[in-house]
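**Q** I'll drop the sequence and a predicted model, then ask my questions.
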Amino acid sequence: MQTQYAGGSNPHLASMQGWAYQLFADNEVIVGVDALRDRDDFHYAWADSEAIRQYTERNGDTYLIPTQLATMLMFYAKAPFDEAGIPYPTDDWTFEEFVAIAEQLTKTDGDKKQWGYQANGNWFRDIHWMRGTGAQEFDTLVDPKVSQFNQPELVELIQLIASDFYYSMGISPKPADLSTGSGGIEAGQSAMKYEGAWWFPQMVTPELRDQGAAVEFDVVLMPQQADGNRPHRGWAEGLSIFANAPVDAAWDFTKYTCGEEGQKIFSAATGRIPNNFDLVESFWAPQVQEAHGLTNTQAFITAFSKGEADIISGLPRSQYWNEVVKPVGWDPLLAGSATAAEVLPLVDEGVQKLFDEYWASK
Amino acid sequence: MSMNSLSRSHTSPFRRREILEGYLLLHPFSLAFWSLLPFQMGWALVLNFQKYNLLAPPRWVGMANMEALWADPKVSLSLWNTAVYAFTSVPLQLALAFGCAVLLNQPIRGRNFYRTALYMPVIVPIVVSAFIWQRAYHPDFGIINAIIGWVGLAPVPGSLSRRWPNRPLSLCASG
């Protein structure tokens, strides 16, 4: 998108994730729409949620018009639980219960290998587990200035989920397994996985059922950790209007896409959670229950009500990951060649350097 | 009369026409090459001294990018890995290829079969080949660690391990 803009060939409207548009807003490349939405009294697209406010507002204006809400939960395949005689998890389960279930469901010594939990293998998704400890890796979630991965709670947690689950405990398929196409929950080889609504079609569709390849599943809130508030990640994805676009025409299109009629079309076509809570309950929930067979759609609404931002900053989130967090932190952990206690101080050092350079340039 | 002018005077009209045609055929490429490449190289050189996020006008930062490059340990590691890769895969490829060529040139029984078998990997799609090698290096179920285990050595933790920077890659390339 940046290259397109620099080359003068950017689109009028761009689909943006809630953490991706800030760089464009800070450089005044996209327009704020507060005046337009007040003029037309169009407020339908912005659900009443702190996470939505954080992910759509910047510099005193609103730059993202949500086309969908997003959160992630624990997906579980029913067959491994049934075969092991273990009850399905419920929304009040704890982290210790989750680990115990994952251990019981792991069987990798026979010809047919099965793992209890398909771990994430990246920081973005592990943010959920990290925040569940009550600690966070930055001083603030919006425009942070201090990197603080190296805290005792996070060191212990990251060691567990990004290394021990794969190696010393062996309850998750290793990256090497997943990269060769085995170990995934959609292949029936892992019992649980942290995923979002976009994953439904990987598990169950009418076509997969016809082919006998469906993996019947349901979802449950993420297990309770130390933080009693049980934060879940919650964010918005949507549209932004480029400043060099015909703004009124782009705004009219956006209003239709993000209004009730457009949202029904978008949600029916993609399975994504629409931007309005009423529509989530009245339209999306029955639709995905019928198409994909899950029952606990209420968990998505509960999770979103506990929604918390990952990180919102003028520096793209991908820059932290690509330049520091992945090569310095997660890659050695996932390879089993370093411990969290060894790499997280180095992650802090690298991310802090990015922060310092960014703030010095402001 | 110099040698050059002597030789020029002895160039036949046919030869001169042939040379001219050669340059004419080269012309489209060389025109594109010389009109675009200096600009690209020059622009890349200019970018070395700028900070540019493609959204706001670039800012001059002097030698800051160069300093960051040389202070980054990944740069020396990348150079080292590239050198190891080049100095292992190239001699290995040459030695293996030459050795196989000599062997397959001998009057041995089933020579055509061996020639076909040797050539087979060349026509295997690179993606398939990559998957086979990736599987071979799997830390638990791969054949490489199985063979290492047979001779009593500890298994290699994984193809991503920095303890084995790019030896698997070198071996794949050589294979």
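**A** Now that the structure is in, tell me what you want to look at.

**Q** any idea where the helices of the stretch 51-200 of chain A begin and end?
**A** Using DSSP state H, counting those that start in this stretch, the helices of the stretch 51-200 of chain A run over A:78-84, A:95-104, A:123-132, A:152-159, A:175-179, A:200-203.

**Q** pull out the buried positions in the second one.
**A** Right, the one you point to is helix A:95-104. Of the residues in helix A:95-104, those buried by neighbour count under the rule 16 or more other Cβ atoms under 10 Å in any protein chain shown are A:95, A:98-99, A:101-102, A:104. To be clear about C-beta, it is placed using only N, CA and C from the backbone, and glycine gets the same treatment.

**Q** report all helices and strands that it contacts.
**A** Helices and strands touching helix A:95-104, by 3 or more Cβ pairs under 8 Å, 6 or more residues apart in numbering or on different chains; DSSP states H and E, are strand A:115-118, strand A:190-195.

**Q** and the last one, by the same measure?
**A** Where contact means 3+ Cβ pairs under 8 Å, 6+ apart, helix A:200-203 is packed against helix A:285-292.

**Q** what's next to the worst-scoring helix or strand of chain A on mean pLDDT, contact-wise?
**A** In chain A, no helix or strand scores lower on mean pLDDT, DSSP states H and E than helix A:175-179, which sits at a mean of 82. With contact meaning Cβ atoms under 8 Å, 6 or more residues apart in numbering or on different chains, helix A:175-179 is reached by A:118, A:121, A:166, A:183-184, A:334-335, B:134, B:137-140, B:142, B:158-160.

**Q** from the chain's centre, how far out does that helix sit?
**A** 21 Å (Cα atoms, centre = their mean, to the nearest Å).

**Q** cool, stretch A:14-22 as well?
**A** 14 Å.

**Q** what residues does the stretch 51-200 of chain A put near chain B?
**A** Within the stretch 51-200 of chain A, the positions adjacent to chain B are A:174-177, A:179-180 by Cβ under 8 Å from any Cβ of the partner chain.

**Q** which intervals of chain B have sub-threshold pLDDT?
**A** B:1-9, B:155-175 (pLDDT under 70).

**Q** measure how buried A:Asn300 is and give me the count.
**A** Rather than Asn, residue A:300 is Phe. 26 (other Cβ atoms under 10 Å in any protein chain shown).

**Q** these two touch, right, it and A:Leu73?
**A** Yes. A:Phe300 is within contact range of A:Leu73, at 6.6 Å (criterion: Cβ atoms under 8 Å).

**Q** common neighbours of those two, please.
**A** A:Val219.

**Q** quick one: the residue nearest in space to the middle of chain B from A:Pro345, how far?
**A** Geometric centre of chain B, nearest residue: B:Ala86, 8.2 Å, by Cα atoms, centre = their mean. With distances taken as Cβ to Cβ, to the nearest Å, B:Ala86 is found 34 Å from A:Pro345.

**Q** may I see the buried residues of stretch A:87-97?
**A** Buried residues in stretch A:87-97 (16+ other Cβ under 10 Å): A:89, A:91, A:93, A:95.

**Q** just the ones of these in strands?
**A** Nothing among the buried residues of stretch A:87-97 maps onto strands, per DSSP state E.

**Q** closest to B:Leu26 among these?
**A** A:Phe95 (69.1 Å; Cβ to Cβ).

**Q** now do the contacts for the nearest residue to A:Thr108 once chain neighbours are set aside.
**A** In space, A:Thr108 comes closest to A:Gly170 once its chain neighbours are excluded; the distance is 6.4 Å by Cβ to Cβ, 6 or more residues apart in numbering or on different chains. By Cβ under 8 Å, 6+ apart, the contact list for A:Gly170 reads A:106, A:108, A:115.

**Q** which of those residues lies closest to A:Glu237?
**A** Nearest to A:Glu237 among these, with distances taken as Cβ to Cβ, is A:Trp115, at 30.0 Å.

**Q** burial check on the closest one, number of neighbours?
**A** Other residues close to A:Trp115 by other Cβ under 10 Å number 29.

**Q** for it, list each beta-bridge partner.
**A** A:Ser190 (DSSP bridges).

**Q** pretty sure it is touching A:Lys174, no?
**A** No. The pair A:Trp115 / A:Lys174 is not scored as a contact, 9.4 Å apart, by Cβ under 8 Å.
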